[in-house]
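1. Requesting a structural model of the entry that follows:
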Amino acid sequence: MLLGLRGSKNMFEAMLGSLVRTPTRFFDTNPMGRLLNRCGDDVFQCGIEIPLALLSILLDTASALSKILTSVFVIQWMGLLLPPLVYGYYKLGAYFLAPLVSEAIDGAVTIRAFGDRPESIAINMKSATCFAMVAVNQWYSLRIQFVSNAMVLAILLGCVVGRSKMSPGLLAQVITYGQSHEEGFKDVVALEALWPTAGHIAFDRVGFQYKVDDPLVLQNVSFTIKGGEKVGVVGRTGVGKSSLTMALFRINEL
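-> This next block holds a predicted model:
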């Protein structure tokens, strides 16, 4: 939390300094609500939401590892059943996904044949997000429950084989750990990977103008910057260095 607050403070100070030094034309072309949202909600996300998400990841990962190690330590060789079960889970998902893709392709042909594409697109745009969230959660929950129950079965078999070596308290703890795998796996997987792993910038015949009726200040600009490269833009006054920066950060729509 301390690192998140410090990072959000540094980001806010840098952003505020940039806004103070920004020409007034910038405020004419960008809505005030967007700027306030960047200075308010986005800073809150960086200072509070991201540290809480990272803390949740660490806690869930540590909890899952401790439960898995404890279970494997107790059931010993029966733990060899866990990797095939996880592999079977992924293969099962791929097997059931293929028919859905085929049906979607066939349905698209029927919609085009009857000329019902606009209405179908409107219905799809309205319900796709909610339906996808519910369907994916149910699909994933069912299979996680299957894997969790299989793990509990493997643990119970190991407990039956080694029943003379463990106390009832240890047996109950191992079974509880096995049953709690489901929620732990769901919490870990539910966090989205929003941050990109590598950067790559490519401009292909880009044109840029400050307003819709203004002439183009950048015309047919093309270049590629690979991830990790350091690039400098040089030139005399008026060649478009600032305009290129504004286009790069999408301050105005291209």
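
2. Point out where the stretch 151-254 of the chain drops to low pLDDT.
-> Applying pLDDT under 70 to the stretch 151-254 of the chain flags the ranges 162-166, 171, 174-175, 177-198, 254.

3. Would you state the strands of it in chain order?
-> With DSSP state E, counting those that start in this stretch as the criterion, the stretch 151-254 of the chain has strands at 201-208, 218-225.

4. What pairs with the last one, parallel or antiparallel?
-> Using DSSP bridges, strand 218-225 pairs in its sheet with strand 201-208 (antiparallel).

5. hmm, who's touching the strand it pairs with?
-> 216-225, 243-244, 246-248, 252, 254 (CB atoms under 8 Å, 6 or more residues apart in numbering). In short, each C-beta sits where N, CA and C put it, glycine included.

6. try 6 Å
-> 216-225, 243, 247, 254 (CB atoms under 6 Å, 6 or more residues apart in numbering).

7. ranking those residues by neighbours, who comes first?
-> Sorting the contacts of strand 201-208 by how many neighbours each has (other CB atoms under 10 Å) puts Ala247 first, at 21 neighbours.

8. measure that residue to Ile201 for me?
-> Ala247 sits 11 Å away from Ile201, going by CB to CB, to the nearest Å.

9. Need the residues touching each of the two.
-> Contacts common to Ala247 and Ile201, judged by CB under 6 Å, 6+ apart, are absent.

10. Count the neighbours of Gly47 for me.
-> 20.

11. you'd agree it is up against Gly7?
-> No: between Gly47 and Gly7 there is no contact under CB atoms under 6 Å: 7.2 Å.

12. can you put the strands of the stretch 151-254 of the chain in JSON lines and add distance to Leu59?
-> Shown next, in JSON lines, are the strands of the stretch 151-254 of the chain (distance: least, CB to CB, whole Å):
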{"stretch": "strand 201-208", "distance to Leu59": "36"}
{"stretch": "strand 218-225", "distance to Leu59": "38"}
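
13. Show me the one of those strands that comes nearest Phe73.
-> Phe73 sits nearest to strand 201-208 of all the strands of the stretch 151-254 of the chain, at 49.1 Å, using CB to CB.

14. buried set for that closest one?
-> Under the neighbour-count criterion of 16 or more other CB atoms under 10 Å, strand 201-208 has 203, 206, 208 buried.

15. for those, which one is nearest Leu69?
-> Nearest to Leu69 among the buried residues of strand 201-208, with distances taken as CB to CB, is Phe203, at 50.0 Å.

16. can I have stretch 60-70 written out in CSV, keeping just the CAs?
-> The C-alpha trace of stretch 60-70 is given here as CSV (Å, rounded to 0.1, in the frame of the first residue of the first chain):
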residue,chain,number,x,y,z
ASP,A,60,-4.0,-16.3,-3.1
THR,A,61,-0.7,-17.6,-4.5
ALA,A,62,0.8,-18.2,-1.0
SER,A,63,-2.5,-19.9,0.1
ALA,A,64,-2.7,-22.1,-2.9
LEU,A,65,1.0,-23.1,-2.7
SER,A,66,0.7,-23.9,1.0
LYS,A,67,-2.4,-26.0,0.5
ILE,A,68,-0.9,-27.9,-2.4
LEU,A,69,2.4,-28.6,-0.7
THR,A,70,0.7,-29.8,2.5
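
17. buried residues in stretch 135-145?
-> Buried, per 16+ other CB under 10 Å, within stretch 135-145: 143-144.

18. How about stretch 50-58?
-> Buried, per 16+ other CB under 10 Å, within stretch 50-58: 50-51.
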